[in-house]
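Novice: just a sequence and a predicted model for now, questions to come.
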Amino acid sequence: MIVPPWRIIFFGTPSFAVPTLQNLLQGKDEVVAAVTQPDRGKGRGQKVVPSLVKEFILQRKKDELLIFQPESLKEEAFQERLRELQPDLFVVVAYGLILPGRILKIPKYGAVNVHASLLPKYRGAAPTAWAILRGEEITGVTTMIMDEGMDIGDILLQAEIPIVRDETGETLNNRLASLGAQLLVETLEKMKSGNIRPIPQDHSKATYAPRLKKEDGHIDWREESEEIDRKVRAFNPWPGAFTSLKGQLLKIYRGEVRKKAPIGKAGTVIWVGSDFIEVETGKGSYLIKEIQLEGKRRMNVKDFLSGHSITVRTILE
């Protein structure tokens, strides 16, 4: 049976959503509109910038795509506009807000979400970072039918990938974004052929990945070096793992675990090499290799030490 192209409205905001939107635009279905978060102030100067989904759409030269940026999904005028477009399906990828029931009832075949975890594990806004932070060895993506709860809908398909040793939040996010885009294509094909069976989640096995805050990145040097390393990798690039050096904020982007018996106070610099700074932790030590001092550019430690003096017994807090 030949199924005519579906009319799709896409919901998404960050870089993770872009590969899925790109695949949809290159496919046979018709993307009739995109919904993304309003333009926001960013950076020290709070310059107003569009979401990465909007930026991607504006860079396209082929055609124009309707873009909606409602401040609230409860706006009746916005909901009526969605109805007028007569969508067959919503595709939702890291949009940033839970869709209310009145909106979910609009499309003929409901709403499909692409989520960056193997549900029911890591429901919530930051599944990629929390998977690294908690030492997971495998993660993946899930497509599911949406309902009014947070990531609790029936599972359609899942795909796994390993978390490699030096994985950062950024590299894992990029790999999962590509995997999710592929899985969505497969999901739509199986939905159209009727060859898919939604599976309810086992809610008793659910874990959560709450939205990250800047203060979450603070390093407690009393933790084990393995935990500190996971935090540095999980929170790269945002919110960034950080400590304090002589009263100044010091972000840490890359390092290495060294397993050795503790000899002094956690947070103490115990060795300064040509391209690393070794710091005592609650268990083992941590070799800092890439940093950014407040007000300065990001750089490797070798370049940093050429212009800054750090001595043994310096305390990081």
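Specialist: On my side now, so go ahead.
Novice: helices and strands around the helix or strand of the chain with the lowest mean pLDDT, which ones?
Specialist: Least confident helix or strand of the chain, by mean pLDDT, DSSP states H and E, is strand 40-42 with a mean of 82. Contacts defined by 3 or more CB pairs under 8 Å, 6 or more residues apart in numbering; DSSP states H and E place strand 40-42 against strand 47-49. Using the backbone N, CA and C atoms, a C-beta is placed for each residue, glycine as well.
Novice: quick one: strands adjacent to the strand it packs on?
Specialist: Applying DSSP bridges, strand 47-49 is found paired with strand 40-42 (antiparallel).
Novice: next, count neighbours for the residue nearest to Gly149 when sequence neighbours are not counted.
Specialist: The spatially closest residue to Gly149, leaving aside those adjacent along the chain, is Ile98, at 7.7 Å (CB to CB, 6 or more residues apart in numbering). Counted by other CB atoms under 10 Å, the residues lying close to Ile98 total 15.
Novice: surely Ile98 touches Gly153?
Specialist: No. Using CB atoms under 8 Å, Ile98 is not in contact with Gly153, being 11.2 Å away.
Novice: next, count neighbours for the residue nearest to Lys190 when sequence neighbours are not counted.
Specialist: Take Lys190 and drop its neighbours on the chain: the residue closest to it by CB to CB, 6+ apart is Ile196, 3.9 Å away. Neighbour count for Ile196, taken as other CB under 10 Å: 17.
Novice: check Ser72 too.
Specialist: Neighbour tally, Ser72, other CB under 10 Å: 8.
Novice: not counting sequence-adjacent ones, nearest residue to it?
Specialist: Closest to Ser72 by CB to CB, 6+ apart is Phe78, at 7.9 Å.
Novice: helix/strand/coil for that neighbour?
Specialist: Secondary structure, DSSP: H, G, I helix; E, B strand; the rest coil: Phe78 is helix.
Novice: separation between it and Val93?
Specialist: Counting by CB to CB, to the nearest Å, the separation of Phe78 from Val93 is 19 Å.
Novice: okay, those two: which has more neighbours?
Specialist: Taking other CB under 10 Å, Phe78 and Val93 do not tie; Val93 has more neighbours (28 against 16).
Novice: which residues does the more buried one bridge with?
Specialist: So, taking DSSP bridges as the rule, Val93 has Gly12 as bridge partners.
Novice: who touches Phe11 in this structure?
Specialist: The neighbours of Phe11, taking CB atoms under 8 Å, 6 or more residues apart in numbering as the test, are Ala34, Val35, Thr36, Phe90, Val91, Val92, Val93, Tyr95, Leu99.
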